[in-house]
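# Test case, fold it:
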Amino acid sequence: MTQGWDWSLYQEAKVVEDPNSPMRFVRIAPTPGTLPVMILYGTEYGFSQSYAKEMQKTIVAKFGDKYYPRVVNMEEYEVAELDKEQIVLIICSTYGDGVPPTRARPFFDWLEQNPQDLSKIQFSVLAMGDKGYPHFARAGRIMDEVFEKYGAKRFSNRVDVDLEDPVQIERWTTSVMTGLESLDQGLVAPANDYLWDKVTSGGYEKKISFGRSSPLYAKVTVKKVLTKVEEESDKETFHMEFDLGDSGMQYIVGDSLGIIPHNHPEQVDEVLRALKMDPNMPIPAPSWKYPNMNGENPDTITIREGFLKYYDLKNLKAKLLEFFLKEGEGSPSSSQDVTRLRDLLSQGVGKENQALGEYLKDRELIDIVENFPSIKLTSVEQLLGSLGQLLPRYYSISSSYLVDPKTVSVTIAVVRYKTHGRSRVGICSTHLNDRVQDGDILPIFVNNNPDFRLPADPTVPILMVGPGTGVAPFRAMLHERIHQEASGKSVLYFGCRNEDRDFLYREEFEKLTGENKMTLRTAFSRQKSEKVYVQQRLRENAAEVWDIISAGGHVYVCGDAQYMAVDVHSALEHIVAQHIGKEGAAKYVEDLEKSKRYQKDVWF
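Below is the predicted model:
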């Protein structure tokens, strides 16, 4: 398998602080006699990468020149070279409904399909996941099983982590560090590190692609409102198109578009005023900073730019409160705030501390600063280290590359709400809705979703269920099927609150229905006194649903995972049970999933 290599993803083992830039690190060659440690990560949103780098620093801090840990993205690693390793740490998230991160998929596929002799390897796995999904931490568990199957020896047990639970992460870290204390006995340090040699000799060529660290700057060409807002409960939703020009960026129906947002400038300025910080204060650019439109990627930026573009001021972690507590301790004037912080942290920083979780749930950095006003922050470095990365937001693509290869479109619902007496917003949706206009240029990239694809055969019928913005990929599917002159039936079940206010793409879908290019079923939950949802419409049209399924058709569901997707799944089992019996219905639907004839793109 041929993989690319990106300098930015290669973190050399001996990481030392640059005295001229305390938060940046410089690369140096491995010290002779040190044992290489491979830290492989697979990530969708960047969490696993962050922990991999933290683990690297932890190993270096404790063991010095005893070990030489290298952090490498699974996407960039030449899997066939695994047999050159002796110690491997795997940190991997699970994406969606139990699959590996999209860009780590080739690594998984190649390793599972090509048995290796890994008997010289000692390993451990940190499996990241979300218990809200049925296949919790499945990707990490697969790696754990495959390594064991190929003869590798597990020196520290796998730990499954739910929603980045710091207690579980620390449990794994402690176990691994204990194991490393004696793991070097009997192992022989190589004369040279093959990875270092390849990178420094140009043995790896940089892979040219658009991603989070190297987005495409694309012009907004269309921005169109799709809904009417007459009441406070009505949602603002809009359609946006970007010009891909001759960039070469490609996508497939079912993929999503990553958009890198900015925090609201007024909120950034409010935080800086509350912190009494000069907005022009220089800070080192974070490691996840992406190049600007001119391809420049300076090492130093202002703190205002950092807060605007790169740091998450909204989704906070317990370590921020730990930092505030540390800053307040020893100051008599902060005693009351210190006591409150100690109370919040008294049950630990893990998920079992429900009071802490509830406190952090709907609070942002400005809330913490205002809630603990007596605490004066002295370390900008530690403050920034306590904040997470401002991550891209992902939206299902609602256009077809085959129809127009120079355009990509998305469908976005604007998020606004109130908590703790303060108005809140969705970072990306309000950035795009409130501050971006036609002609503006934004950083974007494609996020592949190989588990949400049209059937290769255009004669196969399809059933699509997508209420609200969940209809976006189905608009793309319909455009592509029409372009292909597909003879297979295309049936869309769409739901919204009110026919006259938020029936997305109504004119377009009704026109296609009138031309017999699709069949449209609608459900309006606030139209009448009786609430009607898409799962009810499926049951009402059970014969049609069964005809599609029994004819080898494909079923697609996109939207809310917590309620809608569960209810649609139950409706499908109910319909199947009417034809083959209740006992075999669940297994039948499960087999549809396994054969990729029942695909879901859902989120909580």
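# And residue 280, which helix or strand is it part of?
Residue 280 is part of no helix or strand, with elements assigned from DSSP states H and E.
# quick one: it and residue 286, what's the gap?
Computed with C-beta to C-beta, to the nearest Å, the distance linking residue 280 and residue 286 is 18 Å. Quick note: C-beta positions are derived from backbone N, CA and C, even for glycine.
# So those two - more neighbours on which side?
residue 286 (18 against 9; other C-beta atoms under 10 Å).
# Run through the residues that contact the more buried one.
Counting by C-beta atoms under 8 Å, 6 or more residues apart in numbering, residue 286 makes contact with 23, 306, 310-311, 384, 389.
# Report the separation between the nearest residue to residue 338 once chain neighbours are set aside and residue 40.
In space, and not counting its chain neighbours, residue 338 is closest to residue 328: 4.4 Å by C-beta to C-beta, 6 or more residues apart in numbering. For residue 328, the distance to residue 40 equals 39 Å [C-beta to C-beta].
# hmm, back to that, who are the contact partners of the residue nearest to residue 338?
With C-beta under 8 Å, 6+ apart, residue 328 has these contacts: 334, 337-338, 341, 372, 374-375.
# Tell me the one of those residues nearest residue 130?
Nearest to residue 130 out of those is residue 341 (C-beta to C-beta; 28.0 Å).
# Dump the contacts of residue 328 into a markdown table; add distance to residue 99, secondary structure and pLDDT as well.
Below are the contacts of residue 328 laid out as a markdown table (distance: C-beta to C-beta, whole Å; DSSP: H, G, I helix; E, B strand; the rest coil; pLDDT from 0 to 100):
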| residue | distance to residue 99 | secondary structure | pLDDT |
| --- | --- | --- | --- |
| 334 | 47 | helix | 91 |
| 337 | 44 | helix | 96 |
| 338 | 45 | helix | 96 |
| 341 | 40 | helix | 97 |
| 372 | 41 | coil | 97 |
| 374 | 48 | coil | 96 |
| 375 | 43 | coil | 95 |
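# which among those residues gets closest to residue 154?
Taking C-beta to C-beta as the measure, residue 341 is the one of those closest to residue 154, at 38.6 Å.
# these two touch, right, that closest one and residue 372?
Yes: with contacts counted by C-beta atoms under 8 Å, residue 341 reaches residue 372, the gap being 6.7 Å.
# Residue 82 versus residue 107, what's the distance?
10 Å.
# The two: which is more packed in?
Neighbours around residue 107 and residue 82, counted as other C-beta under 10 Å, are more numerous at residue 107. The numbers are 25 against 21.
# So the more buried one sits against residue 75, correct?
Yes: contact criterion C-beta under 8 Å: residue 107 and residue 75 qualify, at 7.0 Å.
# hey, what's in contact with both of the two?
Between them, residue 107 and residue 75 share the contacting residues residue 42, judged by C-beta under 8 Å, 6+ apart.
# if you skip the residues just before and after it, what's nearest to residue 509?
Going by C-beta to C-beta, 6+ apart, residue 509 has residue 520 as its nearest residue, at 5.4 Å.
# Distance of that neighbour relative to residue 161?
Distance from residue 520 to residue 161, counting by C-beta to C-beta: 43 Å.
# neighbour count winner among those two?
residue 161 (26 against 16).
# Over to that one: give its phi and psi.
Here is the backbone geometry of residue 161 (degrees, to the nearest 10): phi -110, psi 130.
# List the residues that contact it.
Here residue 161 is in contact with 126-129, 137, 168-169, 172 (C-beta under 8 Å, 6+ apart).
# Enumerate the helices of the stretch 201-350 of the chain by residue range, in sequence order.
Along the stretch 201-350 of the chain, the segments classed as helices by DSSP state H, counting those that start in this stretch run 265-275, 303-309, 318-328, 335-345.
# distance between the ends of stretch 190-210?
35 Å (C-alpha to C-alpha, to the nearest Å).
# next one: stretch 437-454
Termini of stretch 437-454 sit 33 Å apart (C-alpha to C-alpha).
# And the next helix or strand past the helix or strand bottoming out on mean pLDDT in the chain?
Lowest by mean pLDDT, DSSP states H and E among the helices and strands of the chain is strand 21-26, with a mean of 33. Heading C-terminal from strand 21-26, the first helix or strand you meet, by DSSP H and E, is strand 35-42.
# which other helices and strands contact that following strand?
helix 47-63, strand 67-73, strand 87-92 (3 or more C-beta pairs under 8 Å, 6 or more residues apart in numbering; DSSP states H and E).
# of all the ones you listed, which lies closest to residue 471?
helix 47-63 (29.0 Å).
# For stretch 407-420, C-alpha coordinates in CSV please.
Output of stretch 407-420 as CSV, limited to C-alpha atoms (Å, rounded to 0.1, in the frame of the first residue of the first chain):
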residue,chain,number,x,y,z
THR,A,407,-19.6,23.4,-7.2
VAL,A,408,-20.2,21.9,-3.8
SER,A,409,-23.3,22.8,-1.7
VAL,A,410,-24.4,22.3,1.9
THR,A,411,-27.6,22.8,3.9
ILE,A,412,-27.2,24.4,7.3
ALA,A,413,-29.6,25.0,10.2
VAL,A,414,-28.7,27.9,12.4
VAL,A,415,-28.2,27.2,16.1
ARG,A,416,-29.3,29.8,18.7
TYR,A,417,-30.3,29.2,22.3
LYS,A,418,-30.0,30.6,25.8
THR,A,419,-28.4,29.2,29.0
HIS,A,420,-27.6,30.8,32.3
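# Quick one: mean pLDDT over that stretch.
Stretch 407-420 carries an average pLDDT of 96.
# Name the residues of it that come out as buried.
407-414 (16 or more other C-beta atoms under 10 Å).
# same check, this time on stretch 518-533
For stretch 518-533, by 16+ other C-beta under 10 Å, it's 518-527, 532-533.
# now it, how far from the chain's geometric center?
Here stretch 518-533 is found 32 Å from its chain centre; the criterion is C-alpha atoms, centre = their mean, to the nearest Å.
# Contacts made by that stretch with the rest, please.
467, 478, 489-499, 503, 509-510, 512-513, 534, 536-537, 541, 564, 567.
# Surely residue 255 is in contact with residue 445?
No: counting by C-beta under 8 Å, residue 255 stays clear of residue 445, with 10.4 Å between them.
# Checking the closest residue to residue 45 other than its chain neighbours next. Helix, strand or coil?
Nearest residue to residue 45 in three dimensions, chain neighbours excluded: residue 391, at 5.5 Å (C-beta to C-beta, 6+ apart). State at residue 391, reduced to three classes by DSSP: H, G, I helix; E, B strand; the rest coil: coil.
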